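1. Give me the fold of what follows.
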Amino acid sequence: MKAEIVCIIDKSGSMASIRDDAIGGFNTFLEDQKKVPGEATLTLTQFNTVLTTIYENQPLQDVQPLNHSTYIPNGMTALFDAIGATVDNVGLRLESTPEAARPDKVIVAILTDGQENSSIIFKEAQQIKDKIQHQREKYSWEFIFLAANQDAFTEGANLGFHAKDIANFKSDPAGIRGAYGTISTLSTGYRVS
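-> Residues are numbered from 1 along each chain as shown. Predicted coordinates for the structure are as follows:
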């Protein structure tokens, strides 16, 4: 099975206190996914007030670990813009990809330690919920939502995530590493099922 894993990772200023563990957690997740049988690519976007694409549909084995120059927390949390724009960008790219070259499974994992506070394109939770439901129902995409410093289950449900794909984490070193462990476990499950 061929999968595309899409990671939408918060790099707002509040992540600075757990920066090293956020980097380490992502890198452990990356190494874990490289060991899973089957072909996979990774799209990685980081967001604060703006969205930055680090990798676009990159073969997983070619993805380099994050470090202090590729993960620099600052700014606010444009969560809705990050999810909406990334889902749109990946969807448009796949739409123009020959069917035989498309992944069998798309897994979108969102990790944030704060609530939406600065989006300018997508301002309503319902807009994001509609996008998630469309991709899930029409193309069988899977969505994972991990959040700290909020009620992840309420926020995730408002955005259209299934309860089984939502987890809350504590915004501390152990919490962020555990969050990436959860993303890895869920991603692996979707890739091998």
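2. which other residues reach the helix or strand hosting H134?
-> Using DSSP states H and E, H134 maps to helix 125-139. For helix 125-139, the surrounding residues in contact (Cβ atoms under 8 Å, 6 or more residues apart in numbering) are 80, 83-84, 87-88, 91, 94, 106, 108, 116, 122, 141-143, 158-161. Just so you know, the C-beta spots here come from the backbone N, C-alpha and C atoms, and that holds for glycine as well.
3. What remains of the residues you listed if I keep only buried residues?
-> Among those, those classed as buried by 16 or more other Cβ atoms under 10 Å are 80, 83-84, 87, 91, 94, 106, 108, 116, 122, 141-143, 159-161.
4. Tell me the one among those residues nearest to D172.
-> E116 (21.9 Å; Cβ to Cβ).
5. For the closest one, which non-adjacent residue is spatially closest?
-> Of all residues not flanking E116 in the chain, L79 sits nearest, at 4.2 Å (Cβ to Cβ, 6 or more residues apart in numbering).
6. for A174, same thing?
-> In space, A174 is closest to D21, 7.9 Å off (Cβ to Cβ, 6+ apart).
7. just checking, the one you found touches I176?
-> Yes. With contacts counted by Cβ atoms under 8 Å, D21 reaches I176, the gap being 4.8 Å.
8. all strands of the chain, in order?
-> For the chain, applying DSSP state E gives strands covering 2-10, 39-47, 51-59, 105-112, 142-147, 166-168.
9. Report all helices and strands that the fifth one contacts.
-> This means strand 142-147. Counting contacts by 3 or more Cβ pairs under 8 Å, 6 or more residues apart in numbering; DSSP states H and E, strand 142-147 packs against strand 105-112, helix 125-139, helix 152-158, strand 166-168, helix 173-192.
10. Which of those sits closest to G13?
-> Judging the helices and strands packed on strand 142-147 by Cβ to Cβ, what sits closest to G13 is strand 105-112, at 12.7 Å.
11. So for that closest one, mean pLDDT?
-> Mean per-residue pLDDT for strand 105-112: 97.
12. cool, and stretch 43-54?
-> The model assigns stretch 43-54 a mean pLDDT of 97.
13. Quick check: buried residues in that stretch?
-> T43, L44, T45, Q46, F47, N48, T49, L51, I54.
14. Now do it: distance from first to last residue.
-> Using Cα to Cα, to the nearest Å, one end of stretch 43-54 lies 7 Å from the other.
15. One more: stretch 69-89?
-> For stretch 69-89, the end-to-end distance is 25 Å (Cα to Cα).
16. quick one on the thing from earlier: please name whichever of the helices and strands packed on strand 142-147 is nearest to L66.
-> helix 173-192 (10.9 Å).
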